[in-house]
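Student: after the sequence you'll find the predicted model.
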Amino acid sequence: MCDNPNCTSERILSVDAKCNDLCMVDFNGAQRDDYVPGDIGISDNEDYISFDYCLECGKVQGKFPIDDPKFSL
């Protein structure tokens with residue numbers, strides 16, 4: 001079930017992707033083109049992206065808010 005308190009959908013899509021150190025992320029103008037950052041809530045492995053999101057409300061599932069990524073500091 002969606003973890004958005006305003007949505008009760010069970011339409012949760014899981015995304016898993018292997019990046020092989022070719023991941024580009026941008027946060028407030030700070031860019032990183034390298035391994036997947038482990039502190040942005042979408043990975044616990046440098047080569048993989050893994051997250052779930054609700055097809056009803058569009059919310060990425062997980063524990064939020066998270067701190068600004070280290071690469072942007």
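Tutor: Alright, I've got the coordinates. Residues are numbered from 1 along each chain as shown.
Student: just say helix, strand or coil for the residue nearest to the spatial centre of the chain.
Tutor: With distances taken as Cα atoms, centre = their mean, the chain has residue 42 as the residue nearest its mean C-alpha position (3.1 Å). When classified by DSSP: H, G, I helix; E, B strand; the rest coil, residue 42 comes out as coil.
Student: quick one: it from residue 58, how far?
Tutor: Distance of residue 42 to residue 58, given as Cβ to Cβ, to the nearest Å: 15 Å. Glycine gets a C-beta too; all of them are placed from N, C-alpha and C.
Student: which residues does residue 30 bridge with?
Tutor: Beta bridges link residue 30 to residue 27, judged by DSSP bridges.
Student: burial measure for it, as a count.
Tutor: 13 (other Cβ atoms under 10 Å).
Student: ditto for residue 60
Tutor: Using other Cβ under 10 Å, the number of residues around residue 60 comes to 14.
Student: distance of it relative to residue 34?
Tutor: Taking Cβ to Cβ, one finds residue 60 at 21 Å from residue 34.
Student: doesn't residue 35 make contact with residue 25?
Tutor: No: at 10.2 Å, residue 25 does not count as touching residue 35 under the criterion of Cβ atoms under 8 Å.
Student: show me the strands in the chain, by range?
Tutor: Ranges of strands in the chain, per DSSP state E, are 12-18, 23-27, 30-34, 48-54.
Student: among those, which is nearest residue 65?
Tutor: Closest approach to residue 65 among these (Cβ to Cβ): strand 23-27, 13.4 Å.
Student: the closest one - what's its average pLDDT?
Tutor: Summarised as a single mean, pLDDT over strand 23-27 is 93.
Student: repeat for stretch 41-58
Tutor: Mean predicted confidence for stretch 41-58 is 93.
Student: what's the span of it from first residue to last?
Tutor: Taking Cα to Cα, to the nearest Å, stretch 41-58 runs 16 Å from one end to the other.
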